[in-house]
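J.: take this sequence and fold it.
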Amino acid sequence: MEWLAEYGLFLAKAVTVLVAVFLILTMIASLKDRNKRNEGYLSVVRLNEQFGRLAERLGQSVLDKASFKVMHKARKLADKNRAKAAAQRSKVYVLTFNGDIKATALENLRHEITAVLELATPDDEVVVRLDSGGGLVHAYGLAASQLTRVRDAGVPLTVCVDKVAASGGYMMACVADRVLAAPFAMLGSIGVVAQIPNFNKVLRKHDIEYEMLTAGEYKRTLTLFGENTDKGREKFQEDLETIHRLFKEFVARYRPVLNVEQVATGEVWFGLEAIERKLADQISTSDEYLSQRVRQADVFEVHYIIRKRMQDKLSAGLSATLDRLLVTWASRFHNQRFW
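T.: Okay, here's the model as predicted:
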């Protein structure tokens, strides 16, 4: 095992050097970026051309030369006619929102909608591919408000749910003029949940006192370390009921065909069940819907990309390097142990 000790010492030295280099580079990058704004840029991809290239590449592989030549000429003619009618053709702007608990994709969404609304007209359409199981109330409230900007501007809004639009995710989806759901997409969960552990008994068992001072009767209702009271629990539950009421009112305002009281139970429904309960309007995947729209309109995928700061890139690079070193060390140890 002597080689293992030597390798461990080498690994420790390598990690030390890497950390030192990382700290120096981070300081330099921080000084360089101090006066820079972390601005992003807008990426726009024309899906008509992208879909066409895919079809042509497949045709080139599976068709004989004569058939492919006919297909190629037909596509060129279609592109030429589309270019002539570009002024009359409507435009479809496709946005993607992949949500997490904090709705961090909101920062991209707000820029994308701001850009689109500068050009979009009531003859155009905004399609949002939405995938989210919900999260923080205030974050998803603001995300839903971004989509209401599209509705308020008079631009038709379609939301496609391929996997899940639940809780805060459904709060966003219900704003749409039309909600399309994949056969096994989950929709609903119109409810509110909050949970908090309490360590007060553990602290008391070890003779640890915890004090919390507040100004305002309900400044803190439930705590992690203090002794929770029935009055505090009642107030906390009252706050949850208030949020739930506001949630139901929001859904009812933008989706009046829905019987909110029947579906605001916190349950989720799949595909056809969601259609039956008016949570969605049509069974369709986003791919199917966009494939139809590229034949009828000019379709553009819009994505706001935030540039990574230098220190973020360095941090990611260091993390990847350390992972590789650890994997290499574990692999060698594994080989020594079993072979």
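J.: how about the backbone phi and psi for the spatially closest residue to residue 117 that is not a sequence neighbour?
T.: The shortest distance from residue 117 to any non-neighbouring residue, by C-beta to C-beta, 6 or more residues apart in numbering, is to residue 153 (5.4 Å). The way it works is simple: take the backbone N, C-alpha and C, and place the C-beta from them, glycine included. Backbone torsions of residue 153, given as degrees, to the nearest 10, read phi -80, psi 0.
J.: most centrally placed residue in this structure?
T.: Nearest to the mean C-alpha position of the chain, by C-alpha atoms, centre = their mean, lies residue 98 at 1.8 Å.
J.: what sits closest to that residue if chain neighbours are left out?
T.: Closest residue to residue 98 apart from its sequence neighbours, by C-beta to C-beta, 6+ apart: residue 131 at 5.2 Å.
J.: can you tell me the SS state at that neighbour?
T.: strand (DSSP: H, G, I helix; E, B strand; the rest coil).
J.: repeat for residue 304
T.: strand.
J.: wait, residue 97 touches residue 105, no?
T.: Yes: assessed by C-beta atoms under 8 Å, residue 97 is found in contact with residue 105 at 5.2 Å.
J.: overlap in contacts of these two?
T.: residue 143 (C-beta atoms under 8 Å, 6 or more residues apart in numbering).
J.: would you map the strands across the stretch 51-200 of the chain?
T.: Using DSSP state E, counting those that start in this stretch, the strands of the stretch 51-200 of the chain run over residues 91-98, 125-132, 157-166, 178-181, 186-188.
J.: now render the ones you listed as JSON lines, adding distance to residue 285 and mean pLDDT.
T.: Below are the strands of the stretch 51-200 of the chain laid out as JSON lines (distance: least, C-beta to C-beta, whole Å; pLDDT from 0 to 100):
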{"stretch": "strand 91-98", "distance to residue 285": "13", "mean pLDDT": "97"}
{"stretch": "strand 125-132", "distance to residue 285": "10", "mean pLDDT": "98"}
{"stretch": "strand 157-166", "distance to residue 285": "6", "mean pLDDT": "97"}
{"stretch": "strand 178-181", "distance to residue 285": "8", "mean pLDDT": "98"}
{"stretch": "strand 186-188", "distance to residue 285": "14", "mean pLDDT": "97"}
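J.: now render these as JSON lines, adding distance to residue 204.
T.: Shown next, in JSON lines, are the strands of the stretch 51-200 of the chain (distance: least, C-beta to C-beta, whole Å):
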{"stretch": "strand 91-98", "distance to residue 204": "44"}
{"stretch": "strand 125-132", "distance to residue 204": "40"}
{"stretch": "strand 157-166", "distance to residue 204": "39"}
{"stretch": "strand 178-181", "distance to residue 204": "50"}
{"stretch": "strand 186-188", "distance to residue 204": "41"}
